[in-house]
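**Student:** For reference, the sequence and a predicted model appear below.
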Amino acid sequence: MQRAVLVKALMLATALLASAPVAAEIRIIQSPGGRVGPFLDLFEKVRESGERVVIDGPCLSACTLVLSIVPGERICVTKRAVLGFHAARSVDRRGRFYAEPEASDAVLQAYPGPVRDWISHRGGLTSRLLLLKGRDLAAIYPRCR
């Protein structure tokens, strides 16, 4: 009788594991940003993979492009999440930064509406870093469970 109970328990456990969805995720713990190209490539792969993105720390500058590429329903944030936005810029051969207004406009238009509105209500994308966090961020993206 114990063997029959054990076999039934194993069958039930196997059935539950087989029907459980795979919980693959990408976790952003800290990203200062960087060159746009590698972030675009990475987030395109994440979008195609179907993985969920957990923002669990600072995601600054080019890292925020995740919001434009991965569907919003696959993005969640923790209490530690911070998104940092600024205008696009390039560096010349002498190491000096210069503004890229057309690129800034394109990036702003690519963000989801609520993010775009939040940025616009704070003066738009400029050289100053805008930080979206806390309640403002939780009003746009769900908390991770």
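**Tutor:** Cool, the structure landed. Residues are numbered from 1 along each chain as shown.
**Student:** For Cys63, see how far away the closest residue to Thr78 other than its chain neighbours is.
**Tutor:** Leaving aside its sequence neighbours, Thr78 sits nearest to Asp56 (C-beta to C-beta, 6 or more residues apart in numbering; 4.5 Å). Where you see a C-beta, it was placed from the backbone N, CA and C, and this is true even at glycine. Distance, Asp56 to Cys63, using C-beta to C-beta, to the nearest Å: 12 Å.
**Student:** With neighbour numbers in mind, choose between those two.
**Tutor:** Ranked by neighbour count (other C-beta atoms under 10 Å), Asp56 and Cys63 place Cys63 first, with 21 against 18.
**Student:** how much space between Gly33 and Arg145?
**Tutor:** Between Gly33 and Arg145 the computed distance is 27 Å (C-beta to C-beta).
**Student:** More neighbours: the two, which one.
**Tutor:** A side-by-side neighbour count of Gly33 and Arg145, using other C-beta under 10 Å, places Gly33 first with 16 against 4.
**Student:** quick one: pLDDT of the residue nearest to Thr78?
**Tutor:** Here, the pLDDT recorded for Asp56 equals 98.
**Student:** Might you report the residue contacts of it?
**Tutor:** Shown in contact with Asp56 (C-beta atoms under 8 Å, 6 or more residues apart in numbering): Arg27, Ile28, Ile29, Val77, Thr78, Arg80, Ala81, Cys144.
**Student:** Neighbour-wise, give me the winner out of those.
**Tutor:** Compared across the contacts of Asp56, Val77 has the highest neighbour count, 25 neighbours, by other C-beta under 10 Å.
**Student:** Many thanks, I have nothing further to ask.
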